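Whatever this is, show me its structure:
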Amino acid sequence: MKIVIIGGTGLIGSKTADRLRKQGHEVIAAAPNTGVNTITGEGLAEALAGAAVVIDLANSPSFEDKAVLEFFETSGRNLMAAEKAAGVKHHIALSIVGVDRLPDSGYMRAKVAQEKIIRESGLPYTIVHSTQFMEFLSGIAQSGTIGDTVHLSPAYVQPIASDDVADNMAAFATAAPVNGIVEISGPERVRLNELVARYLKAMGDARKVTADPDALYFGARLEDGSLVSDNNPRLGRITFEQWFATAARK
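The predicted structure is shown next:
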């Protein structure tokens, strides 16, 4: 089966492509650096010709409110049109647990807009809501750093390792469309500030983490349940300690 992965050279894309190729599928890793651009349309029709499944893992190069909304709307519309023309049978998109609970975040609003385009396209689809990747912990710590102190919300998170995300994306690619949302999550629920403190300690980073209920996450104030799923998510197998021992320093 031919499967096109938009954003196929990124963290999740490259791991998903590797898994599907090992299963014997023809996989096209589509990205601007491979000649496929969902914003301009360059190379899109050629990449999708004969494809049965498209996995959309593309991300905006800018998180500024206007730019990120334009990216996901333009990319989404171009993709849906090209997939219809190519006769694609299943569109799969990776999104975020809690995306519709954080309207103050421009990034989350853009992802909501992307999902709306998918639902209204008429194409069979699966939208995968994932919790935060463990690989994002360093960036989350940096985003809350003021001087030598990291200010982070004490809201709950349930981070998932990128290997678990890729396992799930590969499985969805060979399954029937659900025409709805499925959720994936890490195995451990923990407060964000406590998890980042564990991460920094393990890294030998001397910054102090403080719980700050008013600290913003991508422009939004978090509640306890903003970023976690109680909707029977598929749980990953890799714990924070296992991930840190094998992947954190790479």
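
Need the CA coordinates for the top helix by length along the chain. CSV is fine.
As assigned by DSSP state H, the longest helix anywhere in the chain is helix 65-86. Written as CSV, here are the backbone C-alpha positions of helix 65-86 (Å, rounded to 0.1, in the frame of the first residue of the first chain):
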residue,chain,number,x,y,z
ASP,A,65,-1.1,33.5,16.1
LYS,A,66,-1.8,34.7,12.5
ALA,A,67,1.0,32.7,10.9
VAL,A,68,0.1,29.4,12.5
LEU,A,69,-3.6,29.8,11.6
GLU,A,70,-2.7,30.6,8.0
PHE,A,71,-0.4,27.6,7.9
PHE,A,72,-2.9,25.0,9.1
GLU,A,73,-5.8,26.4,7.1
THR,A,74,-3.9,26.7,3.8
SER,A,75,-2.1,23.4,4.2
GLY,A,76,-5.3,21.7,5.2
ARG,A,77,-7.4,23.0,2.3
ASN,A,78,-4.6,22.2,-0.2
LEU,A,79,-4.2,18.7,1.2
MET,A,80,-7.9,17.9,1.1
ALA,A,81,-8.3,19.1,-2.5
ALA,A,82,-5.3,17.1,-3.6
GLU,A,83,-6.4,14.0,-1.8
LYS,A,84,-9.8,14.1,-3.3
ALA,A,85,-8.3,14.4,-6.8
ALA,A,86,-5.9,11.5,-6.1
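
which helices and strands does the helix or strand following that helix pack with?
Downstream of helix 65-86, the next assigned helix or strand under DSSP states H and E is strand 90-96. Judged by 3 or more Cβ pairs under 8 Å, 6 or more residues apart in numbering; DSSP states H and E, the packing partners of strand 90-96 are strand 53-56, helix 65-86, helix 106-119, strand 125-130, helix 162-173. Bear in mind the C-beta positions are built from the backbone N, C-alpha and C, glycine included.
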